[in-house]
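[1] compute the structure for the input listed below.
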Amino acid sequence: MSALWIAHVKVTDEAAYGEYAKRATGAIAAHGGVFLARGGAYEQLEGPDRPRNVVARFPSLQAAHDCYYSDAYQEALSFAKGASQRELSIVQEIA
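    This is a model prediction of the structure:
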């Protein structure tokens, strides 16, 4: 079954986070990830407000996991640390 990355982000350093986003795009695509939402309009109903919301679909939970722990994604992530407040979950889709 496919899986989703669901991220809620508040960017605090646009330049550094932009570098993260550029590098993460390639790492995600290399693991079969496809963006379903990336920024855009949203309505915050519960929890902390994070104005950047991202959803990416991966072919499997394992592919999403492997992407996160890949060297390429970890390198990208180094640009997001200190440049954002983030929550990221991997959720398996239902059939």
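[2] residue boundaries of the strands in this structure?
    Assigned by DSSP state E, the chain shows strands spanning 3-11, 34-38, 52-58, 84-92.
[3] partner strands of the third one, with direction?
    Using DSSP bridges, the strands paired with strand 52-58 in its sheet are strand 3-11 (antiparallel), strand 34-38 (antiparallel).
[4] residue 58 - how many residues pack around it?
    Residue 58: 24 surrounding residues under other C-beta atoms under 10 Å. C-beta here means a position set from N, CA and C on the backbone, and glycine is covered the same way.
[5] over to residue 93?
    Counted with other C-beta under 10 Å, residues neighbouring residue 93 total 12.
[6] quickly note the distance from residue 63 to residue 29.
    According to C-beta to C-beta, to the nearest Å, residue 63 stands 11 Å off from residue 29.
[7] between the two, which one's more packed in?
    A side-by-side neighbour count of residue 63 and residue 29, using other C-beta under 10 Å, places residue 63 first with 18 against 13.
[8] check the more buried one and give its pLDDT.
    Here, the pLDDT recorded for residue 63 equals 98.
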